[in-house]
Each structure stands twice: as structure tokens, then as C-alpha cells.
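A.B. asks: pasting a predicted model and its sequence here:
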Amino acid sequence: MPDLIEKAAKQISEAKSVVALTGAGISVESGIPPFRGKGGLWEKIDPMSVAHIDALKKDPEMVWRVLIKSMKLVLDEARPNAGHIGLAELEKLGILQTVITQNVDGLHQMAGNSDVIEFHGTFAWQRCMECNQSIETSQVDMTTIPPQCACGGILRPDAVFFGEMIPAEELMRSQKASANCDIMIVIGTSAMVEPAASMPFVAKNNNAVIIEINPEPTQLTTRISDLSLMGSAGSIMPRLVKAVQKRLEPL
């Protein structure tokens, strides 16, 4: 592993454009359970009954009580872990340009990344279903469920529910960033859910080096990853950033 980290650090330190693609795995260490996979939220509740836009429109109180309220409580306590902080450090070094994330927790921004493309929107903000006004989730008054905007409309997460489209602008920006990078760091995702799953392939098809950080092998590991650093983001990223910093130090 030390040799792989040094090899990855060398390539990252020499890169002109680095983009990161992150998934639920990077936020698990911050206490945020994944939606999919073993132990995921969708094992406990049917996503079509609580996370579909039709369910929200039909019975917003139920969706708030079953899904959104519990998510708010988790996010109110969640803080960036060493994986998020490592990506923010790479941006401070002038190396990382963009983070493309499938997560809705806002932890990349909290850690310090400035250009974050949120494929699925965010639970960190709510918006009114009537006037479209936005409010930070942490500031939402939970006295009444579902909580309401000052205009009387019902608040909803500024996230993409099942049955809604990925914002076209976010998709276009992601494709452009992926096509133009010379290194993509894939962290905490098995790259199974489209359209985010196609971004490493867009990068690879444009001759980018794919560096994967995951606890276990994924479909990317044998197909397109050039370097696979097996382990949690919280354990790998600090070592990787330290190795990059060392290479950037003046002789």
C-alpha cells in the first residue's frame, strides 16, 4: 500500500486537472448511513413509498416523519471526516478543481471544497414547494410537521427525489469536468448508479488516470481503475495528501 500511495501522489502532484467523484462511502465515517447496499436505508423502508416525488406531493407529512425528519437529525450532527478534509486540502494546494458527488449531505462544502457538483441535490437546504424560497435545513423549525415556509407553502429538501430528473446543468458540468481532467479520484462509490457511474468512463475515454479509493473492489477495480487503494477514505486520504504535500515541497 505505501508504494501505491506514493505512486498515486506522484501522479496527482504532476497533474494539471484533478476531479473527484464521491459516493456514500466517504460519508459513512461521518455517521451518515448509505441509502443502498448492505445496511442501507432502502433495506428498511421502500424508497418508492417515501422517496418518490409523488409520495411527497400526496402525503408530505408522512414523508417528513418517515424520511426527512430522521435525515435532518443525522445531518444536524454530521461533520466532515478525514476523507472530506483531504479533498479540501487538495483544493487548497491548487490541485483539485472539482468534486462531483452523489451525496446530499453538504459535507464537502463544510470541509472547504468550493466547486461541488451535487448530482442528487442536497438535504442541507430546504426549498418551498410554493414560492421556491430556500432555507438551511439546520434553521428549519420542526415544531410543525411538515414545516412550512413563511408564505405558508410546505418545505422540501432541495434534493432529487425518485421520479425527478437530474438537473441538466449539473449533468453537463460533470461531463465537461470529467472529460477535461487528467486524473479522476473515485472515492466511496461502486459506480453503479447512473448517470454518475458513467463519469469515470468519460474520464478514462479522454485518457485520464483513474485512482480508486474504496474499502472493497468494485466494478471499476478490474475494468478501468489504474490504481486501486483499498481502504476507507478516512484512512487513505490523509496519507495520500501528506505524500502529495511532500512532493510539492521545495528542494
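C.D. replies: Arrived safely, thanks for sending. Numbers count the residues shown, from 1 in each chain.

A.B. asks: who are the neighbours in contact with Val104?
C.D. replies: By CB atoms under 8 Å, 6 or more residues apart in numbering, the contact set of Val104 is 118, 120-124, 157, 159. (C-beta placed from N, C-alpha, C; glycine too.)

A.B. asks: rerun that using 6 Å as the cut-off
C.D. replies: Val104 is in contact with 120, 122-123, 159, counting by CB atoms under 6 Å, 6 or more residues apart in numbering.

A.B. asks: which two among these are spaced furthest apart?
C.D. replies: Across those, the longest distance by CB to CB is 9.3 Å; it joins His120 and Phe123.

A.B. asks: what is in contact with the two at once?
C.D. replies: With contacts taken as CB under 6 Å, 6+ apart, His120 and Phe123 have 104, 159 as neighbours in common.

A.B. asks: which helix or strand in this structure has the lowest average pLDDT?
C.D. replies: Across the helices and strands of the chain, the lowest-confidence element by mean pLDDT, DSSP states H and E is helix 47-50, at a mean of 74.

A.B. asks: what's the span of stretch 223-238, first residue to last?
C.D. replies: End-to-end distance for stretch 223-238, by CA to CA, to the nearest Å: 26 Å.

A.B. asks: scratch that, stretch 110-129 is what I was asking about
C.D. replies: As for stretch 110-129, its first-to-last residue distance stands at 26 Å under the measure CA to CA.

A.B. asks: got a list of contacts for it?
C.D. replies: Defining contact as CB under 6 Å, 6+ apart, one finds that stretch 110-129 is touched by 71, 75, 80, 84-85, 87-88, 91, 98-102, 104, 106, 108-109, 134-137, 140, 149, 153-160, 170, 173-174, 196.

A.B. asks: would you mark the buried spots in that stretch?
C.D. replies: Buried residues in stretch 110-129, defined by neighbour count with 16 or more other CB atoms under 10 Å: 110-111, 113, 116-129.

A.B. asks: hang on, the earlier thing: show me just the buried residues among the contacts of stretch 110-129.
C.D. replies: 71, 75, 80, 84-85, 87-88, 91, 98-102, 104, 106, 108-109, 135, 137, 140, 149, 154-160, 170, 174, 196.

A.B. asks: in helices, which of those fall?
C.D. replies: Counting by DSSP state H, the members of those that fall within helices are 71, 75, 84-85, 87-88, 91, 108-109, 170, 174.
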